[in-house]
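[1] Here is my input; please provide its structure:
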Amino acid sequence: MVYIDKVRYTTDQHGCEVIAYLKWTNILYESATKECSKKQMIEFINKNPNCTKTKYIKHGLWTEGEDVRVVDNSYLRTDANNIRRDNLGELPRY
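    Numbers count the residues shown, from 1 in each chain. You can find the predicted model right below:
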């Protein structure tokens with residue numbers, strides 16, 4: 001399993017904030033140290049569906065979050081609504 005726990009945003013050509021990079025790890029109970037671009041994560045999820053989740057700290061302990069999915073081969077989402085933009089919940093920025 002791959003766990004994402006931090007995101008870095010940038011501003012696109014339309015002035016919208018979009019995910020640029022993510023911090024990830026294979027270990028639920030440790031802070032993520034590996035970094036990849038959003039494009040790299042999209043490629044990974046497309047090749048390895050159902051193996052990427054968010055994680056967060058709750059009551060001082062790491063907690064598994066939601067499944068991360070790819071929308072329109074351009075966006076990363078954690079929920080199943082129809083909005084076509086990046087949304088990884090309330091993950092911290094770095």
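
[2] distance of the closest residue to residue 75 other than its chain neighbours from residue 44?
    Spatially, and ignoring its direct neighbours in sequence, residue 75 is nearest to residue 86 (5.1 Å; CB to CB, 6 or more residues apart in numbering). C-beta coordinates here come from the backbone N, C-alpha and C atoms, glycine included. For residue 86, the distance to residue 44 equals 16 Å [CB to CB, to the nearest Å].

[3] can you check residue 78 too?
    16 Å.

[4] Would you mind giving the secondary structure of residue 40?
    Under DSSP: H, G, I helix; E, B strand; the rest coil, the three-state class of residue 40 is helix.

[5] Next, the contact list for residue 83, please.
    residue 77 (CB atoms under 8 Å, 6 or more residues apart in numbering).

[6] can you map out the helices along this structure?
    38-47 (DSSP state H).

[7] pLDDT weak spots in it?
    By pLDDT under 70, the low-scoring segments of the chain are 80-82.

[8] ranges for the strands of it?
    Ranges of strands within the chain are 2-11, 17-25, 34-37, 52-58, 61-67, 69-71, 75-77, based on DSSP state E.

[9] These: which one's closest to residue 90?
    strand 52-58 (7.3 Å; CB to CB).

[10] tell me which strands and helices that closest one is in contact with?
    Under the contact definition 3 or more CB pairs under 8 Å, 6 or more residues apart in numbering; DSSP states H and E, strand 52-58 sits against strand 2-11, helix 38-47, strand 61-67.
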